[in-house]
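Trainee: Need the 3D shape of this:
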Amino acid sequence: MNVARDAAWSSLGTIDPYVVSHLINPAFIGGAQWPGLRQAFRKITRADGLAIVASDGLADPYLDDPAAGPGLGAEVYLCSTAFADAPMGDLSSLWQFETVYQVAQNIASMRFELGPELDRYGALSLSLPGSSAPAEWLDEEGTLGVLIGVPLEGVPVSIPVANGAVRFVGVIPLRPAELAYVLAEGADARSDVAARLTELPALAAASPNRPSVIGSVDSNANAEFAPDSGLVGMPAAHLWRVVERVLEDTSPFAPEADLVAGEVLRLRDTGQLSKALAGDLSSLIYQRGMHAAHTGDFQLTTSIRQLKDEIGHHKQAGFPDLQTDPVQVQARIADIANDIPLPSRELEVAQDQASLLPSVARLLAGGVAPGWKSLRFEVWSIGDVMSYELFTVRDGEEHRSIPGIAIYEPLNLLKTASCVPETGTWLSLTMRISSSGEIDVDYNFDAKPELDIDVSIDDYELELRRFPRATSFVPTWWQERIAQGDA
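Mentor: Residues are numbered from 1 along each chain as shown. Got it, this is the predicted structure:
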């Protein structure tokens with residue numbers, strides 16, 4: 001099957017005889033594992049001065065079932081003028097390479113087959129926190145948006161191979177205005193942006209100076225919430241579009257979940273969204289995203305259908321009444337989160353703690369471009385509130401990023417598996433991963449988590465119900481918080 005891929009790329013230009021790969025395969029040190037284990041990236045230089053970097057291995061047959069077909073059924077590629085004159089040894093230092101690399105690793109870590117989803121949606125979006133792209137490509141949170149499924153003229157959409165077909169899937173970075181538009185309008189916006197980008201001349205679309213194809217998104221449309229509603233000057237239409245993105249997208253990949261979660265955090269941090277309402281929305285988003293990612297079948301519950309109908313009503317009416325009852329709004333969101341059936345964890349929790357650590361490390365390392373020296377992962381968790389950050393050391397500098405939604409479920413499993421009778425489980429942890437594959441973890445069972453959002457009394461009590469502790473193992477600060485209540 002690799003012969004067919006090579007022939008297809010050769011028809012577009014000159015394939016560099018070397019590939020970009022890891023000295024040590026990430027799968028051996030807890031990173032994402034590609035179907036045939038091999039992980040590489042190829043460079044194809046075209047006669048017009050453009051160059052393509054493409055994954056090479058996502059469509060390899062699975063090692064345990066080579067007759068089943070071409071692995072994940074796709075390879076991803078990104079075209080950029082920046083690749084053209086860059087030696088193979090320097091490609092990994094370019095933010096454009098980092099972008100296509102992270103997209104490939106996200107697909108591999110989720111075992112996600114792009115073909116069916118692209119057939120359904122036409123284009124998918126993904127957010128890449130902590131990108132090293134220039135500031136003008138990043139939103140306020142330092143996140144780079146990408147659109148997956150934007151074809152490049154001359155590149156075949158798919159090629160036939162033994163036991164199936166391999167799709168060549170174009171990836172293109174989004175300007176902040178384009179990302180905001182996609183986040184606000186969802187599937188229609190993805191199709192619109194993809195169409196506009198496709199209409200650009202190839203050299204313009206591949207330039208690091210490419211202008212946005214979308215103007216600024218109007219943030220003043222529709223009525224605003226009153227200050228005591230949990231929103232400070234935030235357009236009602238925009239909030240409900242955020243919720244609607246999650247409710248409408250029922251695919252296993254949940255392509256909007258990361259984008260919506262990032263938008264909720266941005267609105268909270270900029271004071272446009274209250275911490276309490278941000279917590280409710282985050283709970284809904286993460287539970288919705290994780291359920292779809294793990295089961296591949298998300299059925300809307302009655303309460304979700306009711307909220308969806310209500311959103312549709314308010315959209316038609318211009319959102320005139322949403323500001324009147326913010327308490328009920330938050331209650332509905334909380335009810336929805338509770339109604340979402342999550343995957344059973346009984347079998348997975350039966351694994352010992354040591355077997356779960358590599359799965360967490362694999363997801364972390366798999367989402368980071370090659371060349372890192374060490375990773376430090378900080379997690380704080382209590383009740384339904386969880387916060388985490390990843391710090392990557394590369395070339396003597398430390399960079400902060402937020403891992404994607406796929407890390408959420410393994411962390412919950414690890415927390416459950418770490419529970420000790422009468423002592424409870426950890427409230428925070430620090431995981432350190434070296435490039436040589438060593439994993440070291442420090443657990444905190446007693447110190448107050450350093451969360452950047454307010455934790456409600458319900459979450460402190462929920463933590464004790466899930467992971468019971470003898471009174472002697474409940475720290476004084478915890479007992480005082482429960483006694484204080486929500487006053």
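
Trainee: For the closest residue to residue 20 other than its chain neighbours, report the pLDDT, please.
Mentor: Nearest residue to residue 20 in three dimensions, chain neighbours excluded: residue 41, at 4.4 Å (C-beta to C-beta, 6 or more residues apart in numbering). Where C-beta positions appear, they are placed from N, C-alpha and C, glycine not excepted. Predicted confidence (pLDDT) for residue 41: 96.

Trainee: From residue 92, how far off is residue 41?
Mentor: 9 Å (C-beta to C-beta, to the nearest Å).

Trainee: before we move on, what about residue 211?
Mentor: 27 Å.

Trainee: who has more neighbours, the two?
Mentor: residue 92 (18 against 10; other C-beta atoms under 10 Å).

Trainee: my guess is that one meets residue 368, correct?
Mentor: No. Taking contacts as C-beta atoms under 8 Å, residue 92 lies outside contact range of residue 368: 11.3 Å.

Trainee: Tell me if I'm right that residue 455 and residue 383 touch.
Mentor: Yes. Residue 455 lies in contact with residue 383 (C-beta under 8 Å); the separation is 6.9 Å.

Trainee: quick one: buried residues of stretch 84-101?
Mentor: 84, 86, 88, 91-92, 94-101 (16 or more other C-beta atoms under 10 Å).

Trainee: An error on my part: the question was meant for stretch 184-201.
Mentor: Result for stretch 184-201 [16+ other C-beta under 10 Å]: buried residues 184, 185, 186, 187, 189, 190, 191, 192, 193, 194, 197.

Trainee: Dihedrals phi and psi, the fourth one?
Mentor: Recorded main-chain torsions at residue 187 are phi -60, psi -40, according to degrees, to the nearest 10.

Trainee: Spatially nearest residue to it, not counting backbone neighbours?
Mentor: Using C-beta to C-beta, 6+ apart, the nearest residue to residue 187 is residue 121, at 6.0 Å.

Trainee: what number of residues lie near that neighbour?
Mentor: If you count neighbours by other C-beta under 10 Å, residue 121 ends up with 20.

Trainee: Now residue 207. Its backbone dihedrals?
Mentor: phi -80, psi 140.

Trainee: surely it meets residue 81?
Mentor: Yes. Residue 207 sits in contact with residue 81 when judged by C-beta under 8 Å, with a separation of 5.5 Å.

Trainee: More neighbours: the two, which one.
Mentor: residue 81 (20 against 15).

Trainee: Please name the residues that touch the more buried one.
Mentor: 49, 50, 51, 203, 206, 207, 208 (C-beta atoms under 8 Å, 6 or more residues apart in numbering).

Trainee: Quickly find the element holding the residue lying closest to residue 175 once chain neighbours are set aside.
Mentor: Nearest non-adjacent residue to residue 175, counting by C-beta to C-beta, 6+ apart: residue 212, 3.8 Å away. Residue 212 belongs to no helix or strand when assigned by DSSP states H and E.

Trainee: which ones are touching residue 212?
Mentor: 175, 176, 177, 178.

Trainee: The contacts of residue 81 in strands, which ones?
Mentor: residue 51 (DSSP state E).

Trainee: Of the contacts of residue 81, keep whichever come out buried.
Mentor: 50, 51, 206.

Trainee: With pLDDT and distance to residue 107 as added columns, please give those in JSON lines.
Mentor: JSON lines is the format used below for the buried ones among the contacts of residue 81 (pLDDT from 0 to 100; distance: C-beta to C-beta, whole Å):
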{"residue": "50", "pLDDT": "90", "distance to residue 107": "23"}
{"residue": "51", "pLDDT": "95", "distance to residue 107": "22"}
{"residue": "206", "pLDDT": "92", "distance to residue 107": "22"}
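
Trainee: Pick the one among those closest to residue 72.
Mentor: residue 51 (23.9 Å; C-beta to C-beta).

Trainee: Could you check how far that closest one is from residue 365?
Mentor: 27 Å.

Trainee: Equivalent analysis for residue 195, please.
Mentor: 36 Å.

Trainee: cool, residue 410 as well?
Mentor: 13 Å.

Trainee: which residues do these two both contact?
Mentor: Shared contacts of residue 410 and residue 365, counting by C-beta under 8 Å, 6+ apart, come down to nothing at all.

Trainee: These two - which one has more neighbours?
Mentor: residue 365 (26 against 19).

Trainee: Provide the secondary structure category for that one.
Mentor: With DSSP: H, G, I helix; E, B strand; the rest coil as the basis, the three-state label of residue 365 is helix.

Trainee: What does the pLDDT read for it?
Mentor: For residue 365, pLDDT reads 78.

Trainee: residue ranges of the helices in the stretch 301-450 of the chain, please?
Mentor: 302-317, 326-339, 346-349, 353-366, 408-417 (DSSP state H, counting those that start in this stretch).

Trainee: now the angle between helix 353-366 and the last one, please.
Mentor: Translated: helix 408-417. Put simply, helix 408-417 runs at 160 degrees to helix 353-366, going by axes from the mean of the first three to the mean of the last three C-alpha atoms, to 10 degrees.

Trainee: Quick one: low-confidence residue ranges for the protein.
Mentor: Where the chain drops to pLDDT under 70, the residues are 1, 29-31, 216-355, 405-406, 451-454, 485-487.

Trainee: and if we set it to 50?
Mentor: Across the chain, the stretches falling below the confidence threshold (pLDDT under 50) are 217-237, 252-255, 290-304, 307, 311, 314-352, 487.

Trainee: Run through the strands of the stretch 101-250 of the chain in chain order.
Mentor: Along the stretch 101-250 of the chain, the segments classed as strands by DSSP state E, counting those that start in this stretch run 124-129, 143-148, 158-161, 164-174.

Trainee: and of the ones you listed, who's closest to residue 59?
Mentor: Once those are compared by C-beta to C-beta, strand 164-174 is nearest, at 4.4 Å.
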